[in-house]
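**Student:** just coords:
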């Protein structure tokens, strides 16, 4: 079977860490900065970073329409932290010029876990991932505030709030799996891409 072709949006944030994990899992990876680089991809990772900065750069690079079109044509998308924020239909606390990609029927609340100083790491049980809880790093993490009827919750926190959600070919997590030495969430994404 041919390797999956996975792009990593490389405008800002932890894109190198995502690429390293995906390369280690045998994916054929490509850094994506311009619309033409979306061509032929099976999936795209939108990394954690600063959602406002990534949104501005998406606009500058003319990526909004092409990214939505590629998703509509069958490309899977995996967003972590800031990436999850951008994938939502509605972003609470967004600047007026911060346009959501609206790839998922989700409302999300930016920086809901506090400031950088409130960052933490924990273990999270993740539906569909074998081997026990996955390592999850939370840095100014968002909260999924409202989920549409087609959105499936894959992981929840101690208080029962969703930490990972999936809707069809869209996967979003509130944390940074790329910053832990645990590639199982990335493997889950690749398996979901392969099975689509």
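**Tutor:** Happy to help now that I have it. All figures in this text were calculated on a predicted structure; none of them were measured in a lab.

**Student:** how about the helices in the protein?
**Tutor:** Counting by DSSP state H, the chain has helices at residues 15-24, 51-60, 64-72, 82-87, 184-195.

**Student:** list the buried residues for the last one?
**Tutor:** Meaning helix 184-195. Going by neighbour count (16 or more other CB atoms under 10 Å), the buried part of helix 184-195 is 184, 185, 186, 187, 188, 189, 190, 192, 193. Yep, even glycine has a C-beta here, placed from its N, CA and C like the rest.

**Student:** what angle separates that helix from helix 15-24?
**Tutor:** Helix 184-195 and helix 15-24 are oriented at 60 degrees to each other (axes from the mean of the first three to the mean of the last three CA atoms, to 10 degrees).

**Student:** what about stretch 66-78, distance to the chain center?
**Tutor:** Distance of stretch 66-78 from its chain centroid, counting by CA atoms, centre = their mean, to the nearest Å, is 13 Å.

**Student:** can you check stretch 138-148 too?
**Tutor:** The answer for stretch 138-148 is 12 Å, by CA atoms, centre = their mean.

**Student:** and stretch 79-90, by the same measure?
**Tutor:** With CA atoms, centre = their mean, you get 6 Å for stretch 79-90.

**Student:** what's the answer for stretch 60-68, then?
**Tutor:** Centre-to-centre, stretch 60-68 and its host chain are 16 Å apart (CA atoms, centre = their mean).

**Student:** end to end, how far does that stretch reach?
**Tutor:** Chord length of stretch 60-68, first to last residue, is 16 Å (CA to CA, to the nearest Å).
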